[in-house]
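Asks: quick one: sequence and predicted model below, then my questions.
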Amino acid sequence: MIAFDLRCSNGHGFEGWFKDLESFDEQDSKGMITCPFCKSNKITRVFSPVAIKSTKGEEKPGEGKPDYKKLAMGIMEYIKDNFEDVGTAFTKEALKIHYGVAEKRDIRGSATGEEEKTLKEEGIKFFKFPFIKPKDEDN
Ligand SMILES: [Zn+2]
């Protein structure tokens, strides 16, 4: 729906709701739009800010779709900065931390499918994140 500010030939201002601009033009050309004050059908549209009601649901102003790629990059940066990279020793280190042999800390690294199974069996909580490695980094 779209609201237009309308004005009749006698200078009365009023608001009219229409499906769209075409709908307004059609009704206006047929003289179907009349002034609620004097019933004049000589209507002109006043070009002032119009209100548009989206049928797709309310969209909060200033809030677009989240940039998932940017979000993922942010998470990757966080992990890079805050988790110690232990590379392929991830499972060994995770087990050491789990059994209190190594210092408790956040680590990141890679694990094979077999190693993941071991981690799960040991009840070690970990999460997999699709870490996009820079091309010059090989580990
Ligand atoms: Zn009027």
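Replies: Received the coordinates, thanks.
Asks: next structured bit after the helix-or-strand element of the chain with minimal mean pLDDT?
Replies: The helix or strand of the chain with the poorest confidence is strand 43-52; it has a mean of 68 (mean pLDDT, DSSP states H and E). Downstream of strand 43-52, the first helix or strand assigned by DSSP states H and E is helix 68-82.
Asks: what's the average pLDDT for that following helix?
Replies: Averaged over helix 68-82, pLDDT sits at 82.
Asks: in that helix, what's buried?
Replies: Residues of helix 68-82 classed as buried: none (neighbour count, 16 or more other Cβ atoms under 10 Å). Every C-beta, even on glycine, is put in place using the N, C-alpha and C of the backbone.
Asks: packing partners for the helix or strand just after it?
Replies: Next helix or strand after helix 68-82 toward the C-terminus (DSSP H and E): strand 84-87. Helices and strands touching strand 84-87, by 3 or more Cβ pairs under 8 Å, 6 or more residues apart in numbering; DSSP states H and E, are strand 107-109.
Asks: chain center to the strand it packs on: distance?
Replies: 29 Å (Cα atoms, centre = their mean, to the nearest Å).
Asks: that strand packs against which elements?
Replies: Using 3+ Cβ pairs under 8 Å, 6+ apart: strand 107-109 touches strand 84-87, helix 90-98.
Asks: so what strands line up beside it?
Replies: strand 84-87 (parallel) (DSSP bridges).
Asks: may I have the strand it pairs with as CSV, with CA atoms only?
Replies: C-alpha atoms of strand 84-87 as CSV (Å, rounded to 0.1, in the frame of the first residue of the first chain):
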residue,chain,number,x,y,z
GLU,A,84,46.8,-21.1,20.0
ASP,A,85,47.5,-22.8,16.7
VAL,A,86,48.7,-26.4,17.5
GLY,A,87,48.1,-27.6,13.9
